[in-house]
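Novice: got a predicted structure plus its sequence, pasted below:
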Amino acid sequence: MYGDPQLPQDFVSLPYANPDAPTGGVIATGEVGSFDSLNPHILKGSTPWQLRFLAYESLMGRNYDEPFSLYGLLAESIDVGPKREWVEFTLRPEARFSDGSPVTVEDVMWSYETLGTQGHPRYHGVWSKIDKMEQTGERSVKFTFNTEDRELALLVGMRPILKKAQWADKDFTASGLDVIPITSAPYVIDDFEAGRFVSLKRNPDYWGKDVPFRRGTHVLDEIRLEFFGDDTALFEAFKGGVLNSHREFNAEKWKTQYDFPAIQNGDVVKSEVPHGRPTGITGFVMNTRKPQFADWRVREALMHAFNFEFINEAMTGSEQPRITSYFSNSFLGMDHGPAQGRVRELLEPFAESLLPGALDGYALPVSDGSERNRKNLRAALALMEEAGWTVQDGVMADANGTPFAFEIALRQGQNEAETIASMYVEALKRMGIAATVSVIDPAQYKERTNGYDFDMTYYRRGVSLSPGNEQNLYWGSNAATQPGTRNWMGIESPAADAMIDTLLNSESREDFVAATKALDRILTTGRYVIPFYQFNQSRIAHAKELTYPDQLPIYGDWINWQPDVWWWEEK
């Protein structure tokens, strides 16, 4: 995106992979929830999220040790126009699907059009910016864009490539378990049981094992994904040896509950993996499509009522710091105090529409740590009154006497979020607010969140050091009314749209960073999400035989690290 790629043309492997890693072994991990589909590319159905990354390959691949650089995977070369107005890829002649058939330009073109028109909404944005797609040679395909967007030359290389012939007589939009994907990736689905487990086996005939981008990756013989009803059942399965790798997100539990026999005798080891990526946002999201959350003062009041310091002590022993903004923990995060320099220049044209704090500085409410949280509750009551809500006979209500009430919808198995929600509900009672917690089965929960049919719910969204077009899907105005996007809060902000457009079209790193910092201010001061604690390092307990390289990518434990660069080594 800017300057030259970090790795030379003749690189041996990714810098955080071991090109000499042996093959063999099994990794078994757990997920809370279920699944009823093996097609991760459509909106309908619940699919193991890992299949998007383990069962499909793209023309280019990302090096997670540097932002904004891609390297050839299915494509052996890439060419771009002088202004990135077009991009052309040439396929590797050796690229094959798991059934041995070659990956062709026809497969590429069918995949792009099908995903862009019938696939999940995350694919529609890029497709809408393609003016023309054409075959330019036996193994070459060219995309010409209809808009100025410097990231498109990279982003268009990241679509999964499917085998056209497999879908010739099938409905691509139908969700189900009857189609086992023919893959171009190192793994194939070997076995599964609906809602219970998926087993992926390493393809010994995988075409790309000698491609530099793939050397030292995907060497484990089996990846097994097990599914459980809740966190407790999952953890017990790990302690009992059903699983051999488990991520722990709670620092207090990591300190106090990881003393079971397998750890005591050394069969399971604890690894702490730091990272340099942004925090993203984790917390309770408020749906501004609902009238009671449309006023920012109400959202700010509900943030004051959320007693983070008390909850953090109860949940983690105050071990985990709070998320302070969407891009905090990175150079892309908003700075403390007033906006300055280029960030202020970008924001000032929208000064009248920005919420308080965007230009002058903003920080989350801080309590004294006591359960009563009196100071913040007083501030919350004052904000509610400004917004037209007062306590009447012990009930928060508007001028017409309509009570302020809402539902916190949670997916079955989100035990930690349920515990936090219960504490929050008790605090809200002191303000006369009646909040209820509803625990919903995964299928219904997905249907409701896809259609934005909720008041408040648990929300977790990761962001990277190379934010781009996906930001439109997260917080762009067009995504606010389109079903199935990640804009659960319903942001419709011309300022946010402008910052996303600026970061997409910046020709300098300085402008890109400034635009992201400005976007972070708009999102944070929008008071859309009540933030929880951040996960500034990963905590992974795993079988002693599961091994990873000493050199870590800047992203740390992120997509394409475990299980991609892990191997099995007898100790």
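Specialist: Right, received. Where do you want to start? Numbers count the residues shown, from 1 in each chain.
Novice: tell me the strands in the stretch 201-350 of the chain, going along the chain?
Specialist: In the stretch 201-350 of the chain, the strands defined using DSSP state E, counting those that start in this stretch lie at 222-228, 245-248, 268-274, 281-286.
Novice: of all those strands, which lies closest to residue 203?
Specialist: strand 222-228 (11.6 Å; Cβ to Cβ). For glycine as for every other residue, the C-beta is placed from the backbone atoms N, C-alpha and C.
Novice: pick the most deeply packed of the strands of the stretch 201-350 of the chain.
Specialist: strand 281-286 (a mean of 24; mean count of other Cβ atoms under 10 Å).
Novice: and the contacts of that strand?
Specialist: 293, 299, 302, 306, 323, 326, 408, 421, 424, 455-461, 463, 488-489, 523, 527-535 (Cβ atoms under 8 Å, 6 or more residues apart in numbering).
Novice: and with 6 Å instead?
Specialist: 293, 299, 326, 456, 459-461, 488-489, 529-532 (Cβ atoms under 6 Å, 6 or more residues apart in numbering).
Novice: per-domain residue ranges of this protein.
Specialist: What automatic domain parsing lists as the domains of the chain is 58-163, 281-531.
Novice: could you confirm residue 549 falls within a helix?
Specialist: No: using DSSP: H, G, I helix; E, B strand; the rest coil, the assignment for residue 549 is coil, not a helix.
Novice: okay, it and residue 344: tell me how far apart.
Specialist: As judged by Cβ to Cβ, to the nearest Å, residue 549 and residue 344 stand 42 Å apart.
Novice: same check, this time on residue 436
Specialist: On the measure of Cβ to Cβ, residue 436 and residue 344 end up 42 Å apart.
Novice: now do residue 528
Specialist: Counting by Cβ to Cβ - residue 528 and residue 344 are separated by 22 Å.
Novice: looking at these two, which one has more neighbours?
Specialist: Comparing residue 528 with residue 344 by other Cβ atoms under 10 Å, the one with more neighbours is residue 528, at 26 against 15.
Novice: apart from its chain neighbours, what residue comes closest to that one?
Specialist: Setting aside the residues directly before and after it, residue 528 is nearest to residue 489 in space (Cβ to Cβ, 6 or more residues apart in numbering), at 3.9 Å.
Novice: try residue 199
Specialist: residue 191 (4.4 Å).
Novice: check for me that the one you found belongs to a strand.
Specialist: Yes: per three-state DSSP, residue 191 lies within a strand segment.
Novice: what's the spacing between it and residue 204?
Specialist: 17 Å.
Novice: between the two, tell me which one has more neighbours.
Specialist: Between residue 191 and residue 204, residue 191 has the larger neighbour count (other Cβ under 10 Å), namely 12 against 9.
Novice: what pLDDT does the more buried one get?
Specialist: Residue 191 is assigned 96 on the pLDDT scale.
Novice: and what of the one 3 residues further on?
Specialist: At residue 194, the pLDDT value in this model is 92.
Novice: also residue 300?
Specialist: 98.
Novice: now for it, how many residues are close by?
Specialist: Neighbour number of residue 300 under other Cβ under 10 Å is 24.
Novice: list phi and psi for residue 368.
Specialist: phi -80, psi 0 (degrees, to the nearest 10).
Novice: one step back: got a ChimeraX select line for the buried ones in the contacts of strand 281-286?
Specialist: In ChimeraX, this line selects whichever of the contacts of strand 281-286 come out buried by 16 or more other Cβ atoms under 10 Å:
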select :293,299,326,456,459,461,488,489,529,530,531,532
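Novice: what about the nearest residue to residue 537 once chain neighbours are set aside, distance to residue 246?
Specialist: Distance criterion Cβ to Cβ, 6+ apart; nearest residue to residue 537, sequence neighbours excluded, is residue 274 at 4.8 Å. According to Cβ to Cβ, residue 274 and residue 246 sit 19 Å apart.
Novice: now do residue 443
Specialist: Taking Cβ to Cβ, one finds residue 443 at 25 Å from residue 246.
Novice: could you confirm residue 418 falls within a helix?
Specialist: Yes: under the criterion used here (three-state DSSP), residue 418 sits inside a helix.
Novice: which residues touch the residue nearest to it when sequence neighbours are not counted?
Specialist: Nearest residue to residue 418 in three dimensions, chain neighbours excluded: residue 410, at 5.6 Å (Cβ to Cβ, 6+ apart). Residue 410 makes contacts with 417, 418, 439, 458, as judged by Cβ under 6 Å, 6+ apart.
Novice: just residue 295 next, same as before
Specialist: residue 387.
Novice: model confidence score at it, please.
Specialist: 98.
Novice: can you map out the helices along the stretch 401-550 of the chain?
Specialist: 415-429, 442-450, 470-475, 477-480, 494-505, 509-525 (DSSP state H, counting those that start in this stretch).
Novice: swap that for the stretch 201-350 of the chain, please
Specialist: Along the stretch 201-350 of the chain, the segments classed as helices by DSSP H, counting those that start in this stretch run 231-239, 251-256, 261-264, 296-305, 308-316, 341-347.
Novice: right, and those helices - which one's nearest residue 28?
Specialist: That would be helix 231-239 among the helices of the stretch 201-350 of the chain, by Cβ to Cβ, at 9.0 Å.
Novice: in the closest one, what counts as buried?
Specialist: 231, 233, 234, 235, 237, 238, 239.
Novice: roughly how far does the nearest residue to residue 419 once chain neighbours are set aside sit from residue 253?
Specialist: The spatially closest residue to residue 419, leaving aside those adjacent along the chain, is residue 315, at 7.1 Å (Cβ to Cβ, 6+ apart). The gap separating residue 315 from residue 253 is 9 Å, by Cβ to Cβ.
Novice: next, count neighbours for the residue nearest to residue 319 when sequence neighbours are not counted.
Specialist: Spatial nearest neighbour of residue 319, chain neighbours left out: residue 251 (3.5 Å); criterion: Cβ to Cβ, 6+ apart. The local packing of residue 251 (other Cβ under 10 Å) involves 20 other residues.
Novice: look up phi and psi at the residue of the chain most remote from its centre.
Specialist: In terms of distance from the mean C-alpha position of the chain, residue 393 ranks first, at 43.5 Å (Cα atoms, centre = their mean). Main-chain torsions, residue 393, degrees, to the nearest 10: phi 50, psi 40.
Novice: which residue lies nearest the spatial centre of the chain?
Specialist: residue 462 (3.9 Å).
Novice: which ones are touching it?
Specialist: residue 280.
Novice: cutoff 8 Å now
Specialist: 277, 280.
Novice: give me the distance between it and residue 555.
Specialist: 10 Å.
Novice: next, the buried residues of stretch 20-32.
Specialist: For stretch 20-32, by 16+ other Cβ under 10 Å, it's 21, 25, 26, 27, 28, 29, 30, 31, 32.
Novice: check the secondary structure at the first one for me.
Specialist: Spelled out, that is residue 21. At residue 21, secondary structure determined by three-state DSSP is coil.
Novice: in space, what's closest to it - neighbours in sequence excluded?
Specialist: Per Cβ to Cβ, 6+ apart, closest to residue 21 is residue 567, 4.0 Å.
Novice: pretty sure that neighbour is touching residue 545, no?
Specialist: No: counting by Cβ atoms under 8 Å, residue 567 stays clear of residue 545, with 9.0 Å between them.
Novice: give me the more crowded residue out of those two.
Specialist: Set side by side, residue 567 and residue 545 show more neighbours around residue 567, with 24 against 17, by other Cβ under 10 Å.
Novice: since that was my last question, I'll sign off now.
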